[in-house]
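Student: Provide a 3D model corresponding to the input given below.
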Amino acid sequence: MQRRTPLSAAASVLAGLLAIAAAGCAPVGGAPEIALLLPDKKTARYETFDRPIFEERVAARGDYDVLYANADQDAAKQQQQAESALAAGVKVLVLDPVDAKAAATIVGAATAQGVPVVAYDRLVDGGGLAYYISFDNVRVGELQAEALAQALAADGAPDGGVLMVNGSPTDSNAALFREGARRVLAERGVTVLAEYSTPDWSPDKAQDWVAGQISQYGERISAVYAANDGTASGAIAALRAADVQPLPIVTGQDAELTAIQRILTGDQYMTVYKALRPQAERAADVAVDLVEGREVTGELEVDGTPATLLVPVAVTVDDIVSTVIADGFWTVEDICTPAYAAACTAAGIREDETP
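Tutor: Okay, here's the model as predicted:
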């Protein structure tokens, strides 16, 4: 067996770093110990919250370099990014998969090299993971459907009908959101007119599909179950373009700033707030512990993997202050721009409520 010299080791790292650049990865500092691979930029949370919070927490734990890459909703690109990270010698992969099934190949390759994989936000099919950190995703769907059903009942139309704009068919979480939502809607006797799995979580594709359903179902549409705030924005755009009055009840998820503002104006009924700081910080802590050779344990197991599942929270106009503002997720200044000042005043949101 050939013994690697310091020069050949350095050359290997250099080759890995060159591969990183070609794959669109962004190393922070020198040779990275931890890779953070996120799935897309269409969902605003990843670049705004997950990445910076994760990197900040790793930096607070020690002098570790993080290699970051975003796959832009391309599973093949994420595969290449993972291979480049492994070639660069990372010691831990933190992976939010574009495609839960395809990502099993990434886990297999990492495991073969002795590199543990932490599934972040979405579970990877096939096992072999060191840890899983996410939210109770079935509960997310239940919260959305419970809020929707309550609003329908308050409007005097408890049985629907509802269009279901589900998430991406390659996202393992989307199936869990749908499971929770369908269960609640069935229990409440709500009529589902039609449903759609939105490729790549694309707001544009959600908009196109809802536009077609408006032509078919018209006034029978009392609500739109949108699995996240991006698809909600597409659904609302289609409803606005068709001049649907009044707007049906529309759900969402992720508490994006634009969604909070739509809730204030009444365009969107609710969203689901997921406290991303504890999620990203827990993932960073697990990654550092693994780099340092510590055993990691979870509060529970999911498919045999130690896991942490955080609690999601429903947000309507009445909950904005006590959730996203109280946690510092968004400030009053963020939300109450001049265009939304009157809506903030009507909702009782004041500047002195910023933490």
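Student: what are the ranges of the helices in the stretch 101-250 of the chain?
Tutor: Per DSSP state H, counting those that start in this stretch, the stretch 101-250 of the chain carries helices over the ranges 104-112, 137-154, 172-187, 203-217, 229-241.
Student: so which of those is the most packed in?
Tutor: Comparing the helices of the stretch 101-250 of the chain by mean neighbour count (mean count of other CB atoms under 10 Å), helix 229-241 ranks first with a mean of 24. C-beta: built from backbone N, CA, C; applies to glycine.
Student: Tell me what angle that helix forms with helix 203-217.
Tutor: 40 degrees (axes from the mean of the first three to the mean of the last three CA atoms, to 10 degrees).
Student: Counting by contacts, list what helix 229-241 packs against.
Tutor: strand 160-166, helix 203-217, strand 223-226, strand 249-250, helix 257-265 (3 or more CB pairs under 8 Å, 6 or more residues apart in numbering; DSSP states H and E).
Student: export the ones you listed to a markdown table and tack on distance to Ala130?
Tutor: Formatted as a markdown table, the helices and strands packed on helix 229-241 follow (distance: least, CB to CB, whole Å):
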| stretch | distance to Ala130 |
| --- | --- |
| strand 160-166 | 30 |
| helix 203-217 | 34 |
| strand 223-226 | 33 |
| strand 249-250 | 38 |
| helix 257-265 | 33 |
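Student: Go through those and name the closest to Thr305.
Tutor: strand 160-166 (24.7 Å; CB to CB).
Student: of all the helices and strands packed on helix 229-241, which lies closest to Leu193?
Tutor: strand 160-166 (4.1 Å).
Student: Who are the packing partners of the closest one?
Tutor: helix 172-187, strand 191-197, helix 203-217, strand 223-226, helix 229-241.
Student: could I get the ones you listed as CSV with distance to Leu38?
Tutor: As requested, the helices and strands packed on strand 160-166 are exported to CSV (distance: least, CB to CB, whole Å):
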stretch, distance to Leu38
helix 172-187, 14
strand 191-197, 21
helix 203-217, 18
strand 223-226, 22
helix 229-241, 15
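Student: So which elements touch the helix or strand encompassing Asp334?
Tutor: Assigning secondary structure by DSSP states H and E places Asp334 in helix 332-335. Where contact means 3+ CB pairs under 8 Å, 6+ apart, helix 332-335 is packed against helix 257-265.
Student: which of the residues in the helix it packs on are buried?
Tutor: 257, 259-264 (16 or more other CB atoms under 10 Å).
Student: and if you look at stretch 340-353?
Tutor: For stretch 340-353, a neighbour-count test (16+ other CB under 10 Å) marks 340, 343-344, 347, 349, 353 as buried.
Student: of those, closest to Gln216?
Tutor: Checking the buried residues of stretch 340-353 one by one against Gln216 (CB to CB), the nearest turns out to be Ala343, at 32.4 Å.
Student: Let me see the contact set for that closest one.
Tutor: By CB atoms under 8 Å, 6 or more residues apart in numbering, the contact set of Ala343 is 261, 264-265.
Student: Return the distance of it relative to Ile349.
Tutor: Distance of Ala343 to Ile349, given as CB to CB, to the nearest Å: 9 Å.
Student: so what sits against both of the two?
Tutor: With CB under 8 Å, 6+ apart, Ala343 and Ile349 have common neighbours Leu264.
Student: picking that back up, looking at the contacts of Ala343, which one is closest to Pro278?
Tutor: Pro278 lies nearest to Gln261 out of the contacts of Ala343, by CB to CB, at 24.6 Å.
Student: Distance to Ser233 added to the contacts of Ala343, as JSON lines?
Tutor: Formatted as JSON lines, those follow (distance: CB to CB, whole Å):
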{"residue": "Gln261", "distance to Ser233": "11"}
{"residue": "Leu264", "distance to Ser233": "15"}
{"residue": "Thr265", "distance to Ser233": "13"}
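Student: just for the chain, where's the confidence low?
Tutor: 1-31, 352-355 (pLDDT under 70).
Student: related to what we said a few turns ago, show me what counts as buried in the helix holding Asp334.
Tutor: 332, 335.
Student: Tell me which residues touch Leu309, please.
Tutor: Residues in contact with Leu309 (CB under 8 Å, 6+ apart) are 134-136, 299-300, 302.
Student: Which of the residues you listed sits closest to Leu247?
Tutor: Phe135 (27.7 Å).
Student: I'd like the distance between that closest one and Gly141.
Tutor: 11 Å.
Student: before we move on, what about Ala232?
Tutor: 14 Å.
Student: Check Thr231 too.
Tutor: Applying CB to CB to Thr231 and Gly141 gives a distance of 13 Å.
Student: before we move on, what about Pro248?
Tutor: Relative to Gly141, and taking CB to CB, Pro248 is found at 18 Å.
Student: Where does Tyr64 sit: helix, strand or coil?
Tutor: Three-state call for Tyr64 (DSSP: H, G, I helix; E, B strand; the rest coil): coil.
Student: OK, contacts around Gly304?
Tutor: Gly127.
Student: Phi first, then psi, for it.
Tutor: Dihedral pair for Gly304: phi 80, psi 0, per degrees, to the nearest 10.
Student: Same question for Ala307.
Tutor: Dihedral angles (degrees, to the nearest 10) for Ala307: phi -150, psi 160.
Student: again, but for Ala100
Tutor: Per degrees, to the nearest 10, the backbone of Ala100 is at phi -60, psi -30.
Student: so what's it closest to, chain neighbours aside?
Tutor: Leaving aside its sequence neighbours, Ala100 sits nearest to Ser172 (CB to CB, 6 or more residues apart in numbering; 3.7 Å).
Student: Quick check, that neighbour in contact with Asp125.
Tutor: Yes. In terms of CB atoms under 8 Å, Ser172 counts as a neighbour of Asp125; the distance is 7.0 Å.
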